[in-house]
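Participant: Next one to model:
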Amino acid sequence: MQIRDHWFAVVNPHSANGSTRKRWPLYLKRLRDEGFNIDFEYTSRPGDAILITQKALLSGCTHIISAGGDGTMNEVVNGFFLEGQLINPQAELAVFSHGTGCDFIRTLQIPKGIEGFVNVLKQGRIKKVDVGEVQFYDDNGLKLHRYFLNVADVGLGGETVARVNRQSKFLGGKLSFLIGSILSILRYRNKVMSCEIDGKLSCNGRLNSIMVANGRYIGGGMMIAPHAELNDGFFDVVVLGNFSTWTILRHIPKIYRGTHLKIPGVSVQRGRSVVITSAEKILLDIDGEQPGQGPIQFKLNPSILRLWG
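Facilitator: Numbering: from 1, shown residues only. As a prediction, this is how the structure comes out:
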């Protein structure tokens, strides 16, 4: 048996509604049977994956696996950085998506499950991808800072993710997010927001949502930014206008298919920096987590993270 590169896996046992804890030993055996040399550590609380990843990289590990949902992946990506810099620019990330939404791997066209992940490691395709960086605030007015790989959503998406993450996800990713989305749409009121892209005013008025996309999918399979690329050096900024509840509900199937960009009131622009402000409380969603609120500033760091897939 060929011994392959040494990997360190950051495993969220609570992901996939708690099923990862039961299944990880089987997945670990499968990977080791394929010749992959893997150590791992379980997370125990929010923020753990950041600290565990930082510790692994500082100790000399160069191959990191994120094993959990998109939120776990987000924390692991943040763990690649320390004081605004990559701990090791040569370090590499592989994403074993085992959560509720599994949206990030859809852009990479990686199938869910252990067999798809084993194939990713066997094929050994590595690309440098862009990493988004965002500054925002918590409920106490403290300024916070995070990195992200997939999509940030300001407005309806932030409230939807907050709702979905408060409830059980035993129905699975797509159905849990669909139900959460419908409940949020029924209760949500559009916000007056201003958006600047690369220093120029892009829109100002009552809007439903502003998506700042590096990847293509959100909400358990909604293709919100069908033309986004992980390594093109730009965000795709998708704005949903002052839509009524009925208009949003009517067009949900188009959002899943990625055919919503032709709907009047939907716009797409590209840029490297985005600033979103509002006099109202606007919630932020990053990679399926809801960490804070506006005002919000984004910038893109092009082609800095080495990603398998």
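Participant: quick one: low-confidence ranges for this structure?
Facilitator: Residue ranges of the chain with pLDDT under 70: 1-4, 161-178, 180-181.
Participant: hmm, who's touching stretch 43-62?
Facilitator: Applying Cβ atoms under 8 Å, 6 or more residues apart in numbering, the contact partners of stretch 43-62 are 6, 8, 10-14, 41, 64, 66, 68, 72, 75-76, 78-80, 82, 87-88, 90-92. Quick note: C-beta positions are derived from backbone N, CA and C, even for glycine.
Participant: which ones among those residues are found in strands?
Facilitator: In strands, judged by DSSP state E, the following of the contacts of stretch 43-62 are found: H6, F8, V10, V11, E41, I64, S66, G68, L82, E92.
Participant: Please verify my assumption that G99 contacts S66.
Facilitator: No - if you go by Cβ atoms under 8 Å, G99 and S66 don't touch, sitting 9.9 Å apart.
Participant: Enumerate the positions of whatever helix or strand R250 lives in that are buried.
Facilitator: Remark: R250 resides in helix 245-257, with elements defined by DSSP states H and E. For helix 245-257, a neighbour-count test (16 or more other Cβ atoms under 10 Å) marks T247, I248, H251, I252, K254, I255, Y256 as buried.
Participant: Okay, helices next: where are they in this structure?
Facilitator: Applying DSSP state H to the chain gives helices spanning 19-33, 48-58, 70-79, 104-108, 114-123, 156-166, 173-187, 245-257.
Participant: For those helices, state which one has the densest average packing.
Facilitator: Mean neighbour count, computed with mean count of other Cβ atoms under 10 Å, is highest for helix 70-79 among these, reaching a mean of 26.
Participant: Can I get that one as CSV, trimmed to CA atoms?
Facilitator: Extracted in CSV, the C-alpha atoms of helix 70-79 (Å, rounded to 0.1, in the frame of the first residue of the first chain):
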residue,chain,number,x,y,z
ASP,A,70,-19.8,24.9,5.0
GLY,A,71,-19.6,26.7,8.4
THR,A,72,-16.8,24.3,9.4
MET,A,73,-15.0,25.0,6.1
ASN,A,74,-15.3,28.8,6.8
GLU,A,75,-13.6,28.4,10.2
VAL,A,76,-10.9,26.2,8.7
VAL,A,77,-10.2,28.8,6.0
ASN,A,78,-9.9,31.5,8.8
GLY,A,79,-7.5,29.2,10.5
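Participant: by how many degrees do it and helix 19-33 diverge?
Facilitator: On the basis of axes from the mean of the first three to the mean of the last three Cα atoms, to 10 degrees, helix 70-79 is oriented at 60 degrees to helix 19-33.
Participant: got the angle for helix 70-79 vs helix 48-58?
Facilitator: Using the same axes, to 10 degrees: helix 70-79 against helix 48-58 is 40 degrees.
Participant: Residues that sit against both of G99 and S66, list them.
Facilitator: In terms of Cβ under 8 Å, 6+ apart, G99 and S66 are both contacted by the residues T72.
Participant: Pairing partners for the biggest strand by length in the chain, with directions?
Facilitator: The residue-count maximum for a strand in the chain (DSSP E) belongs to strand 289-308. If you go by DSSP bridges, strand 289-308 pairs up with strand 92-97 (parallel), strand 126-137 (antiparallel), strand 273-277 (antiparallel), strand 283-286 (antiparallel).
Participant: Between those, which one is closest to I210.
Facilitator: I210 lies closest, by Cβ to Cβ, to one member of the strands paired with strand 289-308: strand 273-277, at 5.7 Å.
Participant: is it true that V274 touches Q297?
Facilitator: Yes - the pair V274 / Q297 is scored as a contact, 7.4 Å apart, by Cβ under 8 Å.
Participant: the more surrounded of those two?
Facilitator: When V274 and Q297 are compared for neighbours, V274 comes out ahead with 24 against 17, by other Cβ atoms under 10 Å.
Participant: tell me the domain ranges of this structure?
Facilitator: 6-124, 131-302 (automatic domain parsing).
Participant: Those domains: which one's closest to G309?
Facilitator: Between G309 and the domains of the chain, the tightest spacing by Cβ to Cβ is seen for domain 6-124, at 4.3 Å.
Participant: so how many other residues sit close to G132?
Facilitator: 24.
Participant: among the strands paired with strand 289-308, which is nearest D33?
Facilitator: Across these, D33 has its closest neighbour in strand 92-97 (15.5 Å, Cβ to Cβ).
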